[in-house]
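> here is my input; please provide its structure:
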Amino acid sequence: MVAAQPRTYSAEPGEYGRLLSVSRRSPGISPAAALRTARGLERFYWADGSANAAAGFGIAAELIAWGPDRFDTLRRKLERLFSGALVDADGDRLRLVRVFGGFAFQDDFVPDRTWSIYTPAYFILPHYQVTEAEGETWLTLNAHLAPDDDPDEALDQLRGALDLRYEALLRASRQATPPSPVEVRQVSYPMPYDVWEQIITEATTRIQHGMMHKVVLSRVCEIRLAGSVDVDAALAYLESAYPDCYRFLFEPRPHHVFYGATPELLVRAAGRQLETMALAGSSRRGQTPQEDEACADALLDNPKERHEHALVVNALRDRLTPVSESLDIPETPTVLKLSNIQHLYTPVRATLRQPMGVLPLAERLHPTPALGGEPREAALTFIRQAEPVPRGWYAAPIGWVDHRLDGVFAVAIRSAVSQDDRVWLYAGAGIVANSQPRQEWEETALKFRPMLNALGIQGVA
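Below is the predicted model:
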């Protein structure tokens, strides 16, 4: 009999049975619709700007890691999970098994009140996975084979179960009710402006004395609602308003959800090919096309913003050169325009000396100076000491890894974490020598806006 109960993987081999994964074409359903039908279960979602999306629900395997070796520990757990797996993929990337998850910003993070179930590394292999790309949809079922089970018999059982689940998803997708926002009772910002001003002043003083070149600092918005947060409504808004961003949802326990729409790619790895980006330097959008172009030109001509951006570009070059056979980094940035903000943007592509999987690359790059600072260790130490609220998973890698250990991670900004009727939003700003506290405060207010809008909250700065 195929084992359906979740598995929690240690780093040692030989403890659990063999992973089986079967797939079938599934017209008429979509990842977003499947996600809505699974409300009340463990759920996972990922979509990028090229109309590719994947959703999962239920848990076939759970992988957790702690401490400074968390990336490598997770890699070894994934190798063990996929060792000897029977994956019914036939080379089709839409049928590749994916684990969904992410990391805390700091490797010494201890789950707290806000992030009560989020360990420093936490990934889930869903029991069911729906993947969509290029007009085609596949439904995948993941389970385990007990040591004395016959693989052919087990695969037949899984294919039968997969057909039944497909029919159920078709019916449920047709009957799914649209999401609706919940009444907001309270919105508060725990850090007052005078504390923010003190922290920024201390940061700029250290930078001016050569102790750092840049540090990224964040603040928090807390929201209480009249009922449970309707994350489906929030995600539907993000899907509509930010189709060019990476939209994600990680719900390893019902009503404990981390979700958002981030414009920033940390790393995409497929064999020897790597993609990442520098995204640093921000400006508001204009009210008219002419004003918008003027804002973009001012951003490109702003020495402070260009310096902040150059620090990220240089750090990416330094960190990728040792592992790259070739590295393509444009000399000047362009402007990436989102619905409420625009950023300086430089795409980065590399051909690696050898394939290494996405996890070592994510570890090498996280955090870039766009979300941590430069030098990295000095900035992380300052963040740990100065910020009154732990970041948890904010500004950290979020994404997926497939059974070849390739995958994609975005940087979890423009995000929220919710528990039942409470939500916490995070927003950050890059601080350099001439940063002004009021200007950086206003920039974080602008960055809160996407998630406030997703929750139906207007007129709050």
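> now Arg319: which helix or strand?
helix 303-320 (DSSP states H and E).
> skip ahead from that helix and say which helix or strand is next.
strand 324-328.
> ok, that next one: who's next to it in the sheet?
Sheet pairing for strand 324-328, assigned by DSSP bridges, gives strand 341-352 (antiparallel).
> thinking again about what came up before, tell me which residues in the helix holding Arg319 are buried?
305-313, 315-316, 319-320 (16 or more other Cβ atoms under 10 Å). C-beta coordinates here come from the backbone N, C-alpha and C atoms, glycine included.
> what helices and strands are in contact with it?
Identification of packing neighbours for helix 303-320 by 3 or more Cβ pairs under 8 Å, 6 or more residues apart in numbering; DSSP states H and E yields strand 273-284, strand 341-352, helix 358-365.
> list the contacts of it.
Contacts with helix 303-320, where a contact means Cβ atoms under 8 Å, 6 or more residues apart in numbering, come from 213-214, 274, 276, 278-283, 299-300, 327, 329, 333, 344, 346, 348, 350, 364-365, 368-370, 374, 376, 430, 432, 434-435.
> give me the neighbour count for the residue nearest to Glu183 when sequence neighbours are not counted.
Of all residues not flanking Glu183 in the chain, Ala226 sits nearest, at 4.0 Å (Cβ to Cβ, 6 or more residues apart in numbering). Using other Cβ atoms under 10 Å, Ala226 has 9 neighbouring residues.
> my read: Ala226 touches Val182, true?
Yes. Look at Ala226 against Val182 with Cβ atoms under 8 Å: they come within range, at 5.8 Å.
> mutual contacts of those two, please.
By Cβ under 8 Å, 6+ apart, the residues touching both Ala226 and Val182 are Asp421.
> and the helices and strands packed on helix 303-320 as CSV, adding mean pLDDT, distance to Arg39 and mean neighbour count?
Listed next are the helices and strands packed on helix 303-320 as CSV, based on pLDDT from 0 to 100; distance: least, Cβ to Cβ, whole Å; neighbours: other Cβ atoms under 10 Å:
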stretch, mean pLDDT, distance to Arg39, mean neighbour count
strand 273-284, 91, 33, 22
strand 341-352, 94, 31, 20
helix 358-365, 97, 30, 21
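> redo the ones you listed as TSV? Include distance to Tyr426.
Formatted as TSV, the helices and strands packed on helix 303-320 follow (distance: least, Cβ to Cβ, whole Å):
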stretch	distance to Tyr426
strand 273-284	15
strand 341-352	15
helix 358-365	20
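> lowest-confidence helix or strand of this structure?
Across the helices and strands of the chain, mean confidence by mean pLDDT, DSSP states H and E is lowest for strand 2-3: a mean of 44.
> what segments of the stretch 151-300 of the chain are helices?
Ranges of helices in the stretch 151-300 of the chain, per DSSP state H, counting those that start in this stretch, are 151-175, 193-208, 231-241, 289-301.
> about what we covered before: TSV please, covering the buried residues of helix 303-320 and showing pLDDT.
Below are these laid out as TSV (pLDDT from 0 to 100):
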residue	pLDDT
Glu305	89
Arg306	93
His307	89
Glu308	88
His309	91
Ala310	92
Leu311	90
Val312	91
Val313	94
Ala315	92
Leu316	95
Arg319	96
Leu320	97
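> just the closest of those to Leu446, please.
Glu305 (14.0 Å; Cβ to Cβ).
> report the inter-axis angle for the helix holding Arg319 versus strand 324-328.
160 degrees (axes from the mean of the first three to the mean of the last three Cα atoms, to 10 degrees).
> per-residue confidence at Cys295?
pLDDT, Cys295: 89.
> quickly note the distance from it to Asn340.
12 Å (Cβ to Cβ, to the nearest Å).
> any weak-confidence spans in this protein?
Along the chain, segments meeting pLDDT under 70 span 1-16, 89-95, 176-181, 459-461.
> could you give the bridge partners of the spatially closest residue to Arg18 that is not a sequence neighbour?
Counting by Cβ to Cβ, 6+ apart, Arg18 lies nearest to Leu145, which is 4.3 Å off, once chain neighbours are set aside. Leu145 forms beta bridges with Val2, Arg18, as assigned by DSSP bridges.
> and the gap between the closest residue to Ser173 other than its chain neighbours and Ala53?
Of all residues not flanking Ser173 in the chain, Ala33 sits nearest, at 4.2 Å (Cβ to Cβ, 6+ apart). With distances taken as Cβ to Cβ, Ala33 is found 11 Å from Ala53.
> who touches both of those two?
With Cβ under 8 Å, 6+ apart, Ala33 and Ala53 have no common neighbours.
> I'd assumed Arg272 was in contact with Gln354.
Yes. Look at Gln354 against Arg272 with Cβ under 8 Å: they come within range, at 6.9 Å.
> of the two, who's got more company?
Arg272 (15 against 8).
> export the helix or strand harbouring the residue nearest to Ser173 as CSV, just CAs?
Element membership of Ala33, judged by DSSP H and E, is helix 31-37. Backbone C-alpha positions of helix 31-37 (Å, rounded to 0.1, in the frame of the first residue of the first chain) are rendered in CSV as follows:
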residue,chain,number,x,y,z
PRO,A,31,-3.2,26.5,-10.2
ALA,A,32,-5.1,29.5,-8.9
ALA,A,33,-8.5,27.7,-9.0
ALA,A,34,-7.0,24.6,-7.3
LEU,A,35,-5.6,26.8,-4.6
ARG,A,36,-9.0,28.3,-3.8
THR,A,37,-10.7,24.9,-3.6
